[in-house]
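J.: Everything below, folded, please.
(4 chains)
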2 protein chains.
Amino acid sequence: MVVDCKTCPLRKAEIFDEMTEEEIQFMGTFKVGETKLDKGAQILMEGARSPQLFTVLRGMGLRYKVLPNGRRHVVNFILPGDFLGLQSGVMGEMKHSAEATTTMTLCVFNRSDLWTMYRQQPQRAYDLTWLASVEEHFLGEALASVGQMDAIQRICWGLVRFFDRCDGLGLVSDEACAFPYRQQDLADAVGLSLVHTNKTLQKLRDRQVLSWQDGTLRFLEMDVARQLAMMEEDSAETRPLI
Amino acid sequence: MVVDCKTCPLRKAEIFDEMTEEEIQFMGTFKVGETKLDKGAQILMEGARSPQLFTVLRGMGLRYKVLPNGRRHVVNFILPGDFLGLQSGVMGEMKHSAEATTTMTLCVFNRSDLWTMYRQQPQRAYDLTWLASVEEHFLGEALASVGQMDAIQRICWGLVRFFDRCDGLGLVSDEACAFPYRQQDLADAVGLSLVHTNKTLQKLRDRQVLSWQDGTLRFLEMDVARQLAMMEEDSAETRPLI
DNA sequence: CGACGCGTTGAAACTCGTCAATTGGTGTGG
DNA sequence: CCACACCAATTGACGAGTTTCAACGCGTCG
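T.: Numbering: from 1, shown residues only, chains lettered A, B, ... in the order given. Got it, this is the predicted structure:
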(Lines give C-alpha, C1' and ligand atoms only; values in the text may rest on other atoms or scores of the structure.)
Protein backbone atom coordinates (compact mmCIF):
# COMPACT_ATOMS: atom_id res chain seq x y z
CA MET A 1 0.00 0.00 0.00
CA VAL A 2 2.96 2.29 0.51
CA VAL A 3 3.69 4.55 -2.46
CA ASP A 4 7.16 4.17 -3.94
CA CYS A 5 8.87 7.48 -4.67
CA LYS A 6 9.64 6.19 -8.16
CA THR A 7 5.95 6.15 -8.97
CA CYS A 8 4.85 9.01 -6.73
CA PRO A 9 1.61 10.39 -8.18
CA LEU A 10 2.37 13.86 -6.88
CA ARG A 11 5.31 14.36 -9.18
CA LYS A 12 2.95 14.38 -12.13
CA ALA A 13 1.49 17.72 -11.12
CA GLU A 14 2.77 20.45 -13.38
CA ILE A 15 3.77 22.68 -10.53
CA PHE A 16 6.68 20.55 -9.41
CA ASP A 17 10.22 20.60 -10.75
CA GLU A 18 11.52 17.66 -12.71
CA MET A 19 13.67 15.34 -10.63
CA THR A 20 16.70 13.36 -11.72
CA GLU A 21 16.84 9.60 -11.32
CA GLU A 22 19.44 10.05 -8.62
CA GLU A 23 17.25 12.41 -6.66
CA ILE A 24 14.30 10.07 -6.84
CA GLN A 25 16.57 7.26 -5.75
CA PHE A 26 17.73 9.28 -2.79
CA MET A 27 14.23 10.25 -1.77
CA GLY A 28 13.39 6.58 -1.75
CA THR A 29 16.00 5.94 0.90
CA PHE A 30 15.05 9.11 2.78
CA LYS A 31 11.44 8.03 3.08
CA VAL A 32 10.92 5.66 5.98
CA GLY A 33 7.18 5.06 5.77
CA GLU A 34 3.69 6.49 5.59
CA THR A 35 1.13 7.64 8.12
CA LYS A 36 -2.59 7.80 7.67
CA LEU A 37 -4.53 10.31 9.73
CA ASP A 38 -8.22 10.68 10.46
CA LYS A 39 -9.87 14.03 10.05
CA GLY A 40 -9.30 16.26 13.02
CA ALA A 41 -6.06 14.53 14.00
CA GLN A 42 -3.09 16.56 15.17
CA ILE A 43 -0.06 16.36 12.90
CA LEU A 44 2.36 18.64 14.70
CA MET A 45 2.19 20.55 17.92
CA GLU A 46 3.74 23.91 18.61
CA GLY A 47 6.77 23.49 20.82
CA ALA A 48 7.13 19.79 20.05
CA ARG A 49 10.45 18.34 18.98
CA SER A 50 9.25 15.86 16.45
CA PRO A 51 11.89 13.45 15.20
CA GLN A 52 9.98 13.21 11.95
CA LEU A 53 9.35 15.25 8.87
CA PHE A 54 6.46 14.78 6.49
CA THR A 55 5.38 15.38 2.94
CA VAL A 56 1.65 15.39 2.35
CA LEU A 57 0.69 12.70 -0.10
CA ARG A 58 -3.10 13.03 0.12
CA GLY A 59 -5.60 15.18 1.98
CA MET A 60 -5.82 18.70 3.35
CA GLY A 61 -5.20 20.34 6.69
CA LEU A 62 -4.15 23.57 8.28
CA ARG A 63 -1.27 25.17 10.13
CA TYR A 64 -2.11 27.46 12.99
CA LYS A 65 -0.84 29.25 16.03
CA VAL A 66 -2.77 29.68 19.25
CA LEU A 67 -2.20 32.95 21.08
CA PRO A 68 -2.06 33.18 24.86
CA ASN A 69 -5.46 34.88 24.82
CA GLY A 70 -6.96 31.78 23.24
CA ARG A 71 -7.40 33.18 19.78
CA ARG A 72 -6.19 31.12 16.89
CA HIS A 73 -4.55 32.25 13.69
CA VAL A 74 -4.53 29.94 10.69
CA VAL A 75 -1.15 30.50 9.10
CA ASN A 76 -1.80 28.48 5.97
CA PHE A 77 -3.85 25.73 4.46
CA ILE A 78 -2.03 22.46 3.95
CA LEU A 79 -2.27 20.76 0.56
CA PRO A 80 -0.71 17.68 -1.03
CA GLY A 81 2.98 18.19 -1.73
CA ASP A 82 3.50 20.42 1.30
CA PHE A 83 6.54 19.66 3.40
CA LEU A 84 5.86 19.73 7.13
CA GLY A 85 8.23 20.04 10.04
CA LEU A 86 11.12 21.88 8.44
CA GLN A 87 11.17 24.36 11.30
CA SER A 88 11.53 21.64 13.86
CA GLY A 89 14.03 20.02 11.52
CA VAL A 90 16.43 22.93 11.46
CA MET A 91 15.43 24.99 14.49
CA GLY A 92 14.77 22.26 17.00
CA GLU A 93 11.10 22.78 17.67
CA MET A 94 7.91 23.58 15.85
CA LYS A 95 6.71 27.14 15.84
CA HIS A 96 3.13 26.30 14.97
CA SER A 97 0.68 23.43 15.12
CA ALA A 98 -0.86 21.49 12.27
CA GLU A 99 -3.94 19.35 12.03
CA ALA A 100 -5.75 17.28 9.45
CA THR A 101 -9.00 18.65 8.07
CA THR A 102 -9.73 15.66 5.87
CA THR A 103 -8.21 12.22 6.21
CA MET A 104 -4.58 12.53 5.16
CA THR A 105 -1.69 10.35 4.11
CA LEU A 106 1.82 11.54 4.89
CA CYS A 107 5.22 10.36 3.71
CA VAL A 108 7.49 10.11 6.74
CA PHE A 109 11.17 11.05 6.89
CA ASN A 110 13.68 10.96 9.72
CA ARG A 111 14.91 14.26 10.93
CA SER A 112 18.31 12.72 11.57
CA ASP A 113 18.72 12.01 7.87
CA LEU A 114 18.36 15.70 7.04
CA TRP A 115 21.99 16.40 7.69
CA THR A 116 23.02 13.52 5.43
CA MET A 117 21.02 15.20 2.74
CA TYR A 118 22.90 18.45 3.17
CA ARG A 119 26.22 16.68 2.81
CA GLN A 120 25.37 14.28 0.02
CA GLN A 121 22.64 15.98 -1.97
CA PRO A 122 23.39 19.67 -2.28
CA GLN A 123 20.69 20.04 -4.88
CA ARG A 124 18.09 18.70 -2.48
CA ALA A 125 19.49 20.94 0.25
CA TYR A 126 19.12 23.86 -2.10
CA ASP A 127 15.55 22.79 -2.73
CA LEU A 128 14.84 22.84 0.97
CA THR A 129 16.03 26.41 1.20
CA TRP A 130 13.86 27.13 -1.80
CA LEU A 131 10.85 25.74 -0.01
CA ALA A 132 11.52 27.78 3.10
CA SER A 133 11.90 30.85 0.89
CA VAL A 134 8.64 30.19 -0.88
CA GLU A 135 6.90 29.83 2.43
CA GLU A 136 8.44 33.08 3.57
CA HIS A 137 7.23 34.72 0.41
CA PHE A 138 3.73 33.43 0.95
CA LEU A 139 3.62 34.62 4.54
CA GLY A 140 4.83 38.01 3.42
CA GLU A 141 1.92 38.25 1.04
CA ALA A 142 -0.50 37.05 3.67
CA LEU A 143 0.83 39.65 6.05
CA ALA A 144 0.39 42.43 3.53
CA SER A 145 -3.08 41.16 2.76
CA VAL A 146 -4.25 40.97 6.37
CA GLY A 147 -2.53 44.23 7.19
CA GLN A 148 -3.75 46.38 4.34
CA MET A 149 -6.95 45.00 2.86
CA ASP A 150 -10.58 45.10 3.93
CA ALA A 151 -12.83 42.12 4.51
CA ILE A 152 -13.95 41.48 0.93
CA GLN A 153 -10.45 41.76 -0.41
CA ARG A 154 -8.97 39.49 2.23
CA ILE A 155 -11.55 36.77 1.75
CA CYS A 156 -11.02 36.88 -2.00
CA TRP A 157 -7.30 36.80 -1.48
CA GLY A 158 -7.45 33.73 0.72
CA LEU A 159 -9.76 31.83 -1.55
CA VAL A 160 -8.06 32.75 -4.82
CA ARG A 161 -4.72 31.79 -3.32
CA PHE A 162 -6.11 28.44 -2.30
CA PHE A 163 -7.71 27.91 -5.69
CA ASP A 164 -4.48 28.68 -7.53
CA ARG A 165 -2.55 26.25 -5.41
CA CYS A 166 -5.11 23.55 -6.13
CA ASP A 167 -4.91 24.40 -9.80
CA GLY A 168 -1.17 23.86 -9.85
CA LEU A 169 -1.71 20.47 -8.28
CA GLY A 170 -4.29 19.46 -10.83
CA LEU A 171 -7.02 19.45 -8.20
CA VAL A 172 -9.30 21.76 -10.15
CA SER A 173 -11.87 20.17 -12.39
CA ASP A 174 -14.81 21.88 -13.93
CA GLU A 175 -13.69 25.26 -12.61
CA ALA A 176 -14.14 24.03 -9.07
CA CYS A 177 -11.99 22.68 -6.27
CA ALA A 178 -12.54 21.13 -2.88
CA PHE A 179 -12.48 23.46 0.12
CA PRO A 180 -13.16 21.23 3.10
CA TYR A 181 -12.77 23.90 5.77
CA ARG A 182 -15.26 25.64 8.04
CA GLN A 183 -16.01 29.34 7.84
CA GLN A 184 -14.29 29.66 11.18
CA ASP A 185 -11.07 28.37 9.62
CA LEU A 186 -11.21 30.91 6.83
CA ALA A 187 -12.03 33.64 9.34
CA ASP A 188 -9.01 32.73 11.45
CA ALA A 189 -6.85 32.70 8.34
CA VAL A 190 -7.70 36.21 7.18
CA GLY A 191 -8.09 37.75 10.61
CA LEU A 192 -11.84 38.40 10.62
CA SER A 193 -14.59 37.35 12.99
CA LEU A 194 -16.74 34.41 12.05
CA VAL A 195 -19.84 36.56 11.74
CA HIS A 196 -18.22 39.11 9.52
CA THR A 197 -16.69 36.40 7.38
CA ASN A 198 -20.10 34.91 6.90
CA LYS A 199 -21.64 38.21 5.87
CA THR A 200 -18.78 38.96 3.52
CA LEU A 201 -19.13 35.58 1.85
CA GLN A 202 -22.79 36.38 1.43
CA LYS A 203 -21.90 39.56 -0.44
CA LEU A 204 -19.53 37.68 -2.72
CA ARG A 205 -22.26 35.18 -3.47
CA ASP A 206 -24.78 37.93 -4.11
CA ARG A 207 -22.38 39.60 -6.51
CA GLN A 208 -21.96 36.29 -8.30
CA VAL A 209 -18.21 36.32 -7.78
CA LEU A 210 -17.97 32.87 -6.25
CA SER A 211 -19.91 30.04 -4.73
CA TRP A 212 -18.94 27.79 -1.87
CA GLN A 213 -21.23 25.03 -0.75
CA ASP A 214 -20.85 21.44 0.38
CA GLY A 215 -17.11 21.78 0.56
CA THR A 216 -16.78 22.88 -3.05
CA LEU A 217 -15.36 26.23 -4.09
CA ARG A 218 -16.11 27.72 -7.47
CA PHE A 219 -15.26 31.09 -8.97
CA LEU A 220 -17.92 32.50 -11.24
CA GLU A 221 -15.96 35.63 -12.06
CA MET A 222 -12.33 34.88 -11.50
CA ASP A 223 -11.11 38.17 -12.94
CA VAL A 224 -13.29 40.15 -10.56
CA ALA A 225 -12.04 38.03 -7.68
CA ARG A 226 -8.42 38.54 -8.71
CA GLN A 227 -8.92 42.24 -8.96
CA LEU A 228 -10.42 42.36 -5.49
CA ALA A 229 -7.60 40.21 -4.14
CA MET A 230 -5.09 42.38 -5.99
CA MET A 231 -3.40 39.31 -7.37
CA GLU A 232 -1.85 38.79 -10.76
CA GLU A 233 -2.68 35.81 -12.89
CA ASP A 234 -1.15 32.67 -11.42
CA SER A 235 2.41 32.57 -12.71
CA ALA A 236 2.73 28.78 -12.79
CA GLU A 237 6.31 28.80 -11.56
CA THR A 238 7.46 25.34 -10.60
CA ARG A 239 8.75 24.44 -7.18
CA PRO A 240 10.60 21.49 -5.70
CA LEU A 241 8.88 18.51 -4.16
CA ILE A 242 10.62 16.85 -1.24
CA MET B 1 38.18 50.52 5.28
CA VAL B 2 36.65 47.20 4.33
CA VAL B 3 35.97 44.91 7.29
CA ASP B 4 37.68 41.55 7.12
CA CYS B 5 35.43 38.64 8.05
CA LYS B 6 38.09 37.44 10.43
CA THR B 7 37.57 40.50 12.57
CA CYS B 8 33.89 41.11 11.84
CA PRO B 9 32.48 43.09 14.76
CA LEU B 10 29.05 41.56 14.30
CA ARG B 11 30.18 38.10 15.32
CA LYS B 12 30.77 39.37 18.82
CA ALA B 13 27.05 39.77 19.43
CA GLU B 14 25.80 37.04 21.68
CA ILE B 15 22.91 36.15 19.43
CA PHE B 16 25.05 34.63 16.71
CA ASP B 17 26.34 31.06 16.52
CA GLU B 18 30.03 30.43 16.93
CA MET B 19 31.79 29.90 13.62
CA THR B 20 34.69 27.60 12.87
CA GLU B 21 37.92 28.93 11.39
CA GLU B 22 37.09 27.19 8.15
CA GLU B 23 33.71 28.86 7.94
CA ILE B 24 35.18 32.27 8.58
CA GLN B 25 37.79 31.56 5.96
CA PHE B 26 35.11 30.63 3.46
CA MET B 27 33.03 33.71 4.20
CA GLY B 28 36.13 35.76 3.48
CA THR B 29 36.27 34.38 -0.02
CA PHE B 30 32.49 34.64 -0.43
CA LYS B 31 32.48 38.32 0.41
CA VAL B 32 33.36 40.44 -2.59
CA GLY B 33 33.13 43.92 -1.13
CA GLU B 34 31.11 46.47 0.75
CA THR B 35 28.51 49.06 -0.15
CA LYS B 36 27.68 52.20 1.72
CA LEU B 37 24.18 53.60 1.37
CA ASP B 38 22.73 56.97 2.25
CA LYS B 39 19.53 57.13 4.22
CA GLY B 40 16.51 56.68 2.02
CA ALA B 41 18.40 54.67 -0.59
CA GLN B 42 16.82 51.63 -2.21
CA ILE B 43 18.59 48.37 -1.43
CA LEU B 44 16.44 45.92 -3.31
CA MET B 45 13.43 46.31 -5.54
CA GLU B 46 10.53 43.94 -5.80
CA GLY B 47 10.76 42.01 -9.03
CA ALA B 48 14.43 42.76 -9.55
CA ARG B 49 16.92 40.01 -10.30
CA SER B 50 19.84 41.26 -8.33
CA PRO B 51 23.10 39.39 -8.90
CA GLN B 52 24.13 40.27 -5.38
CA LEU B 53 23.34 39.26 -1.84
CA PHE B 54 24.02 41.34 1.24
CA THR B 55 24.60 41.09 4.94
CA VAL B 56 23.95 44.24 6.89
CA LEU B 57 27.07 45.36 8.67
CA ARG B 58 25.82 48.68 10.03
CA GLY B 59 22.61 50.68 9.96
CA MET B 60 18.88 50.02 9.83
CA GLY B 61 16.27 49.81 7.13
CA LEU B 62 13.02 48.17 6.22
CA ARG B 63 11.55 45.56 3.92
CA TYR B 64 8.19 46.29 2.40
CA LYS B 65 5.71 45.39 -0.26
CA VAL B 66 3.63 47.86 -2.22
CA LEU B 67 0.14 46.70 -3.12
CA PRO B 68 -1.50 47.56 -6.43
CA ASN B 69 -3.80 49.98 -4.60
CA GLY B 70 -0.78 51.98 -3.51
CA ARG B 71 -0.79 50.89 0.10
CA ARG B 72 2.45 49.72 1.59
CA HIS B 73 3.08 46.97 4.08
CA VAL B 74 6.30 46.94 6.05
CA VAL B 75 7.20 43.27 6.30
CA ASN B 76 10.06 43.69 8.74
CA PHE B 77 12.63 46.07 10.09
CA ILE B 78 16.18 45.47 8.91
CA LEU B 79 18.94 45.33 11.51
CA PRO B 80 22.66 44.59 11.43
CA GLY B 81 23.34 40.93 10.76
CA ASP B 82 20.31 40.51 8.52
CA PHE B 83 20.87 38.67 5.29
CA LEU B 84 19.21 40.31 2.29
CA GLY B 85 18.37 38.88 -1.08
CA LEU B 86 17.99 35.21 -0.28
CA GLN B 87 14.70 35.09 -2.12
CA SER B 88 16.21 36.46 -5.26
CA GLY B 89 19.15 34.14 -4.64
CA VAL B 90 17.14 30.96 -4.70
CA MET B 91 13.91 31.97 -6.39
CA GLY B 92 15.22 34.23 -9.10
CA GLU B 93 13.62 37.50 -8.16
CA MET B 94 12.87 39.56 -5.09
CA LYS B 95 9.41 39.36 -3.63
CA HIS B 96 9.67 42.60 -1.70
CA SER B 97 11.59 45.85 -1.68
CA ALA B 98 14.07 47.10 0.88
CA GLU B 99 15.36 50.53 1.67
CA ALA B 100 17.80 52.15 4.06
CA THR B 101 16.35 54.18 6.91
CA THR B 102 19.70 55.28 8.28
CA THR B 103 22.99 55.23 6.42
CA MET B 104 23.96 51.59 6.02
CA THR B 105 26.99 49.49 5.23
CA LEU B 106 26.44 46.16 3.52
CA CYS B 107 28.74 43.21 2.91
CA VAL B 108 28.33 42.14 -0.69
CA PHE B 109 28.29 38.56 -1.99
CA ASN B 110 27.85 37.15 -5.45
CA ARG B 111 24.70 35.23 -6.08
CA SER B 112 26.64 32.92 -8.40
CA ASP B 113 28.80 31.77 -5.50
CA LEU B 114 25.76 30.56 -3.61
CA TRP B 115 25.72 27.25 -5.39
CA THR B 116 29.41 26.73 -4.60
CA MET B 117 28.49 27.17 -0.99
CA TYR B 118 25.87 24.45 -1.20
CA ARG B 119 28.37 22.02 -2.66
CA GLN B 120 31.38 22.85 -0.53
CA GLN B 121 30.00 24.11 2.75
CA PRO B 122 26.99 22.05 3.75
CA GLN B 123 27.05 23.60 7.20
CA ARG B 124 26.69 27.06 5.70
CA ALA B 125 23.96 25.78 3.41
CA TYR B 126 22.17 24.41 6.43
CA ASP B 127 22.55 27.82 8.07
CA LEU B 128 20.91 29.46 5.10
CA THR B 129 17.92 27.19 5.42
CA TRP B 130 17.87 28.03 9.09
CA LEU B 131 17.77 31.72 8.29
CA ALA B 132 14.90 31.27 5.91
CA SER B 133 13.11 29.23 8.56
CA VAL B 134 13.63 31.88 11.20
CA GLU B 135 12.26 34.48 8.86
CA GLU B 136 9.28 32.27 8.19
CA HIS B 137 8.75 31.90 11.90
CA PHE B 138 8.91 35.62 12.41
CA LEU B 139 6.43 36.30 9.64
CA GLY B 140 4.10 33.70 11.10
CA GLU B 141 4.13 35.55 14.39
CA ALA B 142 3.61 38.87 12.69
CA LEU B 143 0.69 37.41 10.80
CA ALA B 144 -0.93 36.13 13.97
CA SER B 145 -0.30 39.46 15.62
CA VAL B 146 -1.79 41.59 12.86
CA GLY B 147 -4.61 39.12 12.37
CA GLN B 148 -5.73 38.67 15.96
CA MET B 149 -4.68 41.61 18.12
CA ASP B 150 -6.03 45.10 18.62
CA ALA B 151 -4.08 48.32 18.15
CA ILE B 152 -2.39 48.56 21.54
CA GLN B 153 -1.31 44.94 21.43
CA ARG B 154 0.03 45.19 17.90
CA ILE B 155 2.06 48.31 18.55
CA CYS B 156 3.53 46.74 21.67
CA TRP B 157 4.26 43.59 19.75
CA GLY B 158 6.11 45.41 17.02
CA LEU B 159 8.16 47.53 19.38
CA VAL B 160 8.99 44.76 21.85
CA ARG B 161 10.02 42.54 18.97
CA PHE B 162 12.31 45.24 17.66
CA PHE B 163 13.73 45.91 21.11
CA ASP B 164 14.51 42.25 21.70
CA ARG B 165 16.30 41.97 18.39
CA CYS B 166 18.40 45.01 19.25
CA ASP B 167 19.10 43.50 22.64
CA GLY B 168 20.46 40.34 21.09
CA LEU B 169 22.75 42.46 18.96
CA GLY B 170 24.06 44.41 21.93
CA LEU B 171 22.41 47.58 20.67
CA VAL B 172 20.57 48.26 23.92
CA SER B 173 22.26 50.47 26.42
CA ASP B 174 20.69 52.08 29.40
CA GLU B 175 17.41 50.24 28.75
CA ALA B 176 17.02 52.09 25.46
CA CYS B 177 17.63 51.41 21.81
CA ALA B 178 17.56 53.40 18.59
CA PHE B 179 14.34 53.36 16.60
CA PRO B 180 15.01 55.58 13.62
CA TYR B 181 11.68 55.05 11.86
CA ARG B 182 8.67 57.28 11.30
CA GLN B 183 5.28 56.60 12.83
CA GLN B 184 4.10 55.87 9.33
CA ASP B 185 6.60 53.01 9.08
CA LEU B 186 5.38 51.48 12.31
CA ALA B 187 1.78 51.95 11.19
CA ASP B 188 2.48 50.16 7.91
CA ALA B 189 4.21 47.37 9.81
CA VAL B 190 1.33 46.57 12.14
CA GLY B 191 -1.48 47.35 9.72
CA LEU B 192 -2.92 50.45 11.34
CA SER B 193 -3.57 53.95 10.02
CA LEU B 194 -1.06 56.64 10.84
CA VAL B 195 -3.55 58.57 12.93
CA HIS B 196 -4.59 55.63 15.00
CA THR B 197 -0.98 54.61 15.50
CA ASN B 198 -0.24 58.06 16.82
CA LYS B 199 -3.13 57.97 19.26
CA THR B 200 -2.25 54.49 20.41
CA LEU B 201 1.33 55.52 21.06
CA GLN B 202 -0.05 58.39 23.08
CA LYS B 203 -1.96 55.95 25.26
CA LEU B 204 1.15 53.86 25.82
CA ARG B 205 3.05 56.96 26.81
CA ASP B 206 0.26 58.07 29.15
CA ARG B 207 0.24 54.69 30.80
CA GLN B 208 3.99 54.95 31.27
CA VAL B 209 4.62 51.74 29.36
CA LEU B 210 7.17 53.16 26.96
CA SER B 211 8.65 56.33 25.58
CA TRP B 212 9.78 57.04 22.05
CA GLN B 213 11.28 60.40 21.18
CA ASP B 214 14.11 61.63 19.04
CA GLY B 215 14.61 58.21 17.51
CA THR B 216 15.11 56.52 20.86
CA LEU B 217 12.85 53.78 22.18
CA ARG B 218 12.67 52.97 25.87
CA PHE B 219 10.43 50.61 27.80
CA LEU B 220 9.44 51.84 31.22
CA GLU B 221 7.41 48.76 32.05
CA MET B 222 8.69 45.94 29.96
CA ASP B 223 6.60 43.28 31.68
CA VAL B 224 3.41 45.19 30.97
CA ALA B 225 4.47 45.63 27.38
CA ARG B 226 5.25 41.94 27.00
CA GLN B 227 1.94 41.00 28.47
CA LEU B 228 0.14 43.28 26.05
CA ALA B 229 2.18 41.89 23.17
CA MET B 230 1.53 38.37 24.42
CA MET B 231 5.20 37.55 24.09
CA GLU B 232 7.35 35.42 26.34
CA GLU B 233 10.64 36.62 27.69
CA ASP B 234 13.23 36.77 24.92
CA SER B 235 14.62 33.26 24.63
CA ALA B 236 18.10 34.28 23.52
CA GLU B 237 18.43 31.44 21.04
CA THR B 238 21.41 31.91 18.79
CA ARG B 239 21.20 32.03 15.04
CA PRO B 240 23.70 31.85 12.20
CA LEU B 241 25.36 34.87 10.68
CA ILE B 242 26.11 34.74 6.99
C1' DC C 1 10.30 83.80 3.62
C1' DG C 2 7.69 79.78 1.93
C1' DA C 3 7.61 74.79 1.07
C1' DC C 4 7.78 70.47 2.94
C1' DG C 5 7.95 66.44 6.12
C1' DC C 6 6.56 64.65 10.40
C1' DG C 7 3.96 64.59 14.58
C1' DT C 8 -0.33 65.81 16.77
C1' DT C 9 -5.28 66.54 17.57
C1' DG C 10 -10.51 66.67 16.91
C1' DA C 11 -14.67 65.18 14.76
C1' DA C 12 -17.43 62.39 11.78
C1' DA C 13 -18.17 58.15 9.20
C1' DC C 14 -17.75 53.51 8.74
C1' DT C 15 -15.96 48.87 9.12
C1' DC C 16 -15.94 45.22 11.84
C1' DG C 17 -16.57 42.59 16.36
C1' DT C 18 -19.57 40.96 19.89
C1' DC C 19 -23.92 39.34 21.61
C1' DA C 20 -27.90 36.82 20.87
C1' DA C 21 -31.10 33.99 18.64
C1' DT C 22 -32.57 30.86 14.79
C1' DT C 23 -32.13 27.26 11.29
C1' DG C 24 -30.87 22.86 9.39
C1' DG C 25 -28.24 18.73 9.48
C1' DT C 26 -26.25 14.83 11.95
C1' DG C 27 -25.59 11.58 15.45
C1' DT C 28 -26.94 9.36 19.79
C1' DG C 29 -29.80 7.32 23.23
C1' DG C 30 -34.25 6.17 24.99
C1' DC D 1 -39.13 6.47 15.79
C1' DC D 2 -38.64 10.48 18.28
C1' DA D 3 -36.27 13.58 21.62
C1' DC D 4 -32.24 15.64 22.41
C1' DA D 5 -27.67 17.43 21.99
C1' DC D 6 -24.36 19.32 19.12
C1' DC D 7 -22.14 21.69 15.39
C1' DA D 8 -21.89 24.76 11.36
C1' DA D 9 -24.12 28.33 8.97
C1' DT D 10 -27.00 32.33 9.15
C1' DT D 11 -29.16 36.75 10.52
C1' DG D 12 -30.18 41.17 13.14
C1' DA D 13 -28.96 44.65 16.37
C1' DC D 14 -25.74 47.36 18.74
C1' DG D 15 -21.46 49.26 20.07
C1' DA D 16 -16.44 49.48 20.00
C1' DG D 17 -12.45 50.10 17.42
C1' DT D 18 -10.49 52.18 13.34
C1' DT D 19 -10.28 54.88 9.34
C1' DT D 20 -10.69 59.04 6.96
C1' DC D 21 -10.80 63.97 6.60
C1' DA D 22 -9.12 68.21 8.04
C1' DA D 23 -6.42 71.32 10.41
C1' DC D 24 -2.47 73.01 13.09
C1' DG D 25 2.35 73.29 15.09
C1' DC D 26 7.04 72.70 14.65
C1' DG D 27 11.51 72.19 12.68
C1' DT D 28 14.42 71.96 8.50
C1' DC D 29 15.83 73.28 4.14
C1' DG D 30 16.29 75.91 -0.03
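
J.: is it true that A:R119 touches B:P122?
T.: Yes - taking CB atoms under 8 Å as the definition, A:R119 is a contact partner of B:P122 at 4.7 Å. Every residue, glycine included, has its C-beta placed from N, CA and C.

J.: Pick out whichever of these two has more residues nearby.
T.: B:P122 (19 against 12; other CB atoms under 10 Å in any protein chain shown).

J.: For that one, which residues are in contact?
T.: A:115, A:118-119, A:122, A:125 (CB atoms under 8 Å, 6 or more residues apart in numbering or on different chains).

J.: switch to 7 Å and redo it
T.: A:118-119, A:125 (CB atoms under 7 Å, 6 or more residues apart in numbering or on different chains).

J.: Can you say which of those residues are also within reach of chain B?
T.: Within the set of the contacts of B:P122, contact with chain B (CB under 7 Å from any CB of the partner chain) is found for A:118-119, A:125.

J.: who in chain A is up against DNA strand D?
T.: Contact residues (CB under 7 Å from any atom of the strand) of chain A with DNA strand D: A:182-184, A:194-195, A:198-199, A:201-202.

J.: Highest neighbour count among those residues?
T.: Top of those by neighbour count (other CB under 10 Å): A:L201, with 21 neighbours.

J.: what's the spacing between that residue and chain B?
T.: Using CB to the nearest CB, to the nearest Å, one obtains 18 Å as the distance from A:L201 to chain B.

J.: Tell me who's in contact with that residue.
T.: Under the criterion of CB under 7 Å, 6+ apart, the contact list for A:L201 reads A:155, A:212.

J.: and it, that's in a helix?
T.: Yes - judged by DSSP: H, G, I helix; E, B strand; the rest coil, A:L201 forms part of a helix.

J.: and stretch A:157-165, does that touch chain B?
T.: No - taking CB under 7 Å from any CB as the criterion, stretch A:157-165 and chain B are apart, separated by no less than 10.4 Å.

J.: same question, stretch A:22-33
T.: No - Stretch A:22-33 stays clear of chain B (CB under 7 Å from any CB), getting no nearer than 14.2 Å.

J.: show me where pLDDT drops low in chain A?
T.: Scanning chain A for pLDDT under 70 picks out nothing.

J.: Residues of it that sit close to chain B?
T.: So chain A meets chain B at A:65, A:67-69, A:71, A:73, A:75, A:86-87, A:90-91, A:95-96, A:118-119, A:122, A:125-126, A:128-130, A:132-137, A:139-140, A:142-144, A:146-148, A:191, A:230 (CB under 7 Å from any CB).

J.: State the distance from the residue nearest the centre of chain A to B:E141.
T.: For chain A, A:I78 is the residue whose C-alpha lies nearest the centre (CA atoms, centre = their mean; 3.0 Å). Going from A:I78 to B:E141 by CB to CB, to the nearest Å gives 19 Å.

J.: swap in A:V172?
T.: 32 Å.

J.: who has more neighbours, these two?
T.: Remark: of A:V172 and B:E141, B:E141 carries more neighbours, 21 against 18, as counted by other CB under 10 Å.

J.: what residues go with each domain of chain A?
T.: If you go by automatic domain parsing, the domain ranges for chain A are A:5-142, A:144-229.

J.: Turn these into JSON lines, including distance to B:I15.
T.: Below are those laid out as JSON lines (distance: least, CB to CB, whole Å):
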{"stretch": "domain A:5-142", "distance to B:I15": "14"}
{"stretch": "domain A:144-229", "distance to B:I15": "27"}
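
J.: which stretch among these comes nearest DNA strand C?
T.: Among the domains of chain A, domain A:144-229 comes nearest to DNA strand C, with 3.1 Å by CB to the nearest atom of the strand.

J.: how about the residues of chain A near DNA strand C?
T.: Counting by CB under 7 Å from any atom of the strand, chain A sits next to DNA strand C at A:150-152, A:191-196, A:200.

J.: rerun at 10 Å
T.: Residues of chain A lying close to DNA strand C (CB under 10 Å from any atom of the strand) are A:69, A:71, A:149-155, A:187, A:190-200, A:203, A:214.

J.: Out of those residues, list just those in helices.
T.: The helices, defined by DSSP state H, take in A:151-155, A:187, A:190, A:194-200, A:203 from the residues of chain A next to DNA strand C.

J.: With respect to A:P240, which of the residues you listed is nearest?
T.: Nearest to A:P240 among these is A:V190, at 27.8 Å by CB to CB.
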